[in-house]
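In: Sequence plus the predicted model coming up.
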Amino acid sequence: MWKRSAVAVAILGFVLVGCGDSAKPKAAITPGGGSLKAQFASFDVSVGREQRVVVGLQTDAGLVSFGSAMLSFAYLGTSPESDKPQPGPAMNALWIPVAGQRLPTPLPAQAPVVRASEGVGVYGATARFDHAGYWRVTVEVSIDGKVERAEAPFAVNPKPTGHRRWSRRSKDREPRRR
């Protein structure tokens, strides 16, 4: 009996905590919103093939969405703390929205700082890497007319690790039937 009461009290507490904030007015997001942070979001990046690379951007005030960003890559070698990076590819990356959200029409051409409810996505481009090891991406984006910059390290594998999308045509990827 006491277990049911404890569970009921815990659930009630979670509901009250979750609802308690809804009456507060939302704070305005300031342009630029603070220091820019980048998160390299690609997986199974490997040497010698064209592949999609994606980077998520945010500030202390919210997400950076819409528009485009410039991606510049540098090879760091076998250590992520290299003091002599070698320049790699550079390209323009377009914003790719997460499916299923309501977005403004037309999409903003510049990259503002927004709340997650206003636009979630990543900046994506196609790149080819010629060395396995540690790399760094430097992202430059214009936020409300001011160019901001952030960096994120990542690893490039000597060959693909096998994390490919499932395909109905690929017999070795089909689920086993019982």
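Out: It's in.
In: Strands of this protein, start to end?
Out: 37-40, 51-58, 63-64, 68-77, 86-97, 113-114, 121-127, 133-143, 146-156 (DSSP state E).
In: Now do the fourth one, average pLDDT.
Out: Going back to what we said before, that points to strand 68-77. What strand 68-77 shows for mean pLDDT is 96.
In: Which of the strands of the chain has the highest mean neighbour count?
Out: Comparing the strands of the chain by mean neighbour count (mean count of other C-beta atoms under 10 Å), strand 63-64 ranks first with a mean of 26. To be clear about C-beta, it is placed using only N, CA and C from the backbone, and glycine gets the same treatment.
In: Can you work out which other helices and strands pack against it?
Out: strand 51-58, strand 113-114 (3 or more C-beta pairs under 8 Å, 6 or more residues apart in numbering; DSSP states H and E).
In: Redo the ones you listed as TSV? Include distance to residue 156 and mean pLDDT.
Out: Output for the helices and strands packed on strand 63-64, formatted as TSV (distance: least, C-beta to C-beta, whole Å; pLDDT from 0 to 100):
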stretch	distance to residue 156	mean pLDDT
strand 51-58	10	96
strand 113-114	30	91
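In: Turn those into a markdown table, columns for distance to residue 72.
Out: Below are those laid out as a markdown table (distance: least, C-beta to C-beta, whole Å):
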| stretch | distance to residue 72 |
| --- | --- |
| strand 51-58 | 11 |
| strand 113-114 | 22 |
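In: so what's the spatially most central residue of the chain bridging to?
Out: Of all residues in the chain, the one closest to the mean position by C-alpha atoms, centre = their mean is residue 56, 2.6 Å from it. Taking DSSP bridges, one obtains residue 39 as the residues bridged to residue 56.
In: how much space is there between it and residue 123?
Out: Applying C-beta to C-beta, to the nearest Å, the value for residue 56 to residue 123 is 8 Å.
In: before we move on, what about residue 155?
Out: Residue 155 is 19 Å from residue 123, by C-beta to C-beta.
In: Could you do residue 48 as well?
Out: With C-beta to C-beta as the criterion, residue 48 and residue 123 are 23 Å apart.
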